Structure formats: structure tokens, C-alpha cells
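Participant: Predicted model follows, preceded by the sequence.
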Amino acid sequence: MRTVRTIVAVVFVWLASAGAASAAGSHLELREWGVRAGGGINSSSLIQYYAIHPYWGLSLWDPASRWFERYGIRALWMIEPWAAYVNDDNGKHKTDSFEIGINALFVRLVFGEAALRPFLEAGEGAVYTDLRKQNLGTRLQFTSTIGGGVEYEVRPGMAIGFQARLRHMSNAGMASGNPGINTVFGLFGITFR
């Protein structure tokens, strides 16, 4: 429960600072958008995920954006909803299920303006899952994600990319059972600026 209160407090502070930045002449601006698709697997339980991840990359607070730009880095706040088919064909209780979620506090850093450029992404989100077999405690789970990859600009304003991600999913202590699931993902995508 303490973790949930911390998450709520962080979101509140972030929203308040975004409001203050807006009042100071800064505003959110759509800088890029895209879609990714791919899959992942949990190495211990062999649970497989097949997901689609649309996303919107928004500008940061202006002083933060300018600071990153001085070093050749494009920094974006991302909102990334997703939907996934989840397959668990191992063990005595085989199951197919789904999950839907959103990474709401997510940061994307793109390095340089060359045609081939690396990027890093990390953040927090929440997911609703129908995966019952794993004794997750609740259907609402929280996610922590980190990943990186490369994108290649095939024409001005459009890039294709590949990335690897590691995601931890757990109920953040909302239930007595909180085993968590770590998943490694590979995603292919297209980005528009």
C-alpha cells in the first residue's frame, strides 16, 4: 500500500509541475508518434507475450528539453498504451489470457540526429491482466520497464527501429502474494516525427 501511495504522490507532483510549467509559458507538444509490435518471454515460467504498443512522444518542460538538446539528445515524455495476448503452455494449468496497460510515466532519450541513432527508454506503468495461474494477488499490476535500441531514418520524418526491453510486473504490495514476473521483450516499430 505504501508503494501505491508513493506512485500517487509522484504522479500528483508531476502533474502539478506540468501545470506550473504551462503557466510559465511552456506547453506539451506532440513531437513524435509511432507503433511497435513484438513479443516477450519470462525465462522461468516460459509465459509468452505478443503485444502491440502505440505511443505518443510529448515535449518535456522547456528548460529540461533545452538542457538535453545542448548535448545532442532528444528527450520525450511518452504515453504508451498496449494490449497483449498472453500464452502459458507450460505446467499443469495451461492458459491463454490477455493484458492491457499503459506506461504513463515513461521517458525516451534519442541520441543524435544521424540516420542511425540509438535510444533508451524507461518508466513506470500499470496493467490489468487476466493471467490467473501465477498467483499474482491482484489483476491490477504495476510495471517497471527499461530498454534500448536503434532506429534508422528511412526518409525524413519516418524511422524504423528495433529494441530490447526488460519489464518487471508485480502488484506493488497490494496483496499478500506478490511474486512478480520479469519478462524480456523484443519489439520492432515505426516512428513518425
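Facilitator: Yes, it's here. A quick note: this is a predicted structure, and the numbers were derived from the prediction, not measured.
Participant: what sits opposite the residue lying closest to N182 once chain neighbours are set aside in the beta ladder?
Facilitator: The spatially closest residue to N182, leaving aside those adjacent along the chain, is H168, at 5.3 Å (C-beta to C-beta, 6 or more residues apart in numbering). Where you see a C-beta, it was placed from the backbone N, CA and C, and this is true even at glycine. Counting by DSSP bridges, H168 is bridged to S144, N182.
Participant: List the residues that contact H168.
Facilitator: T143, S144, T145, G180, I181, N182 (C-beta atoms under 8 Å, 6 or more residues apart in numbering).
Participant: Could I get the contacting residues of the residue nearest the centre of the chain?
Facilitator: Taking C-alpha atoms, centre = their mean, the centroid of the chain lies closest to N103, which sits 4.4 Å from it. Taking C-beta under 8 Å, 6+ apart, we find N103 in contact with M78, I79, E80, P81, W82, G123, E124, G125, T143, T145.
Participant: Grab the nearest non-local neighbour of it.
Facilitator: Nearest residue to N103 in three dimensions, chain neighbours excluded: G125, at 3.6 Å (C-beta to C-beta, 6+ apart).
Participant: Which helix or which strand is home to the one you found?
Facilitator: Assigned by DSSP states H and E, G125 falls within strand 116-129.
Participant: Can you list the strands that that strand pairs with?
Facilitator: strand 95-111 (antiparallel), strand 140-155 (antiparallel).
Participant: What residues sit buried inside it?
Facilitator: R117, F119, E121, A122, G123, G125, A126, V127, T129 (16 or more other C-beta atoms under 10 Å).
Participant: Tell me the pLDDT of the first one.
Facilitator: What that stands for is R117. We have a pLDDT of 97 for R117.
Participant: what does the fifth one give?
Facilitator: What the model reports for G123 is a pLDDT of 95.
Participant: Which stretches in the protein count as helices?
Facilitator: Using DSSP state H, the helices of the chain run over 2-23, 62-70.
Participant: quick one on the thing from earlier: tell me the least confident of the contacts of H168?
Facilitator: Among the contacts of H168, G180 has the weakest pLDDT, 84.
Participant: Once you drop chain neighbours, what's closest to A175?
Facilitator: Nearest non-adjacent residue to A175, counting by C-beta to C-beta, 6+ apart: G137, 2.9 Å away.
Participant: residues near the one you found, how many?
Facilitator: 18 (other C-beta atoms under 10 Å).
Participant: And it, how far from F162?
Facilitator: 34 Å (C-beta to C-beta, to the nearest Å).
Participant: what does T138 give?
Facilitator: Relative to F162, and taking C-beta to C-beta, T138 is found at 33 Å.
Participant: cool, L46 as well?
Facilitator: L46 is 23 Å from F162, by C-beta to C-beta.
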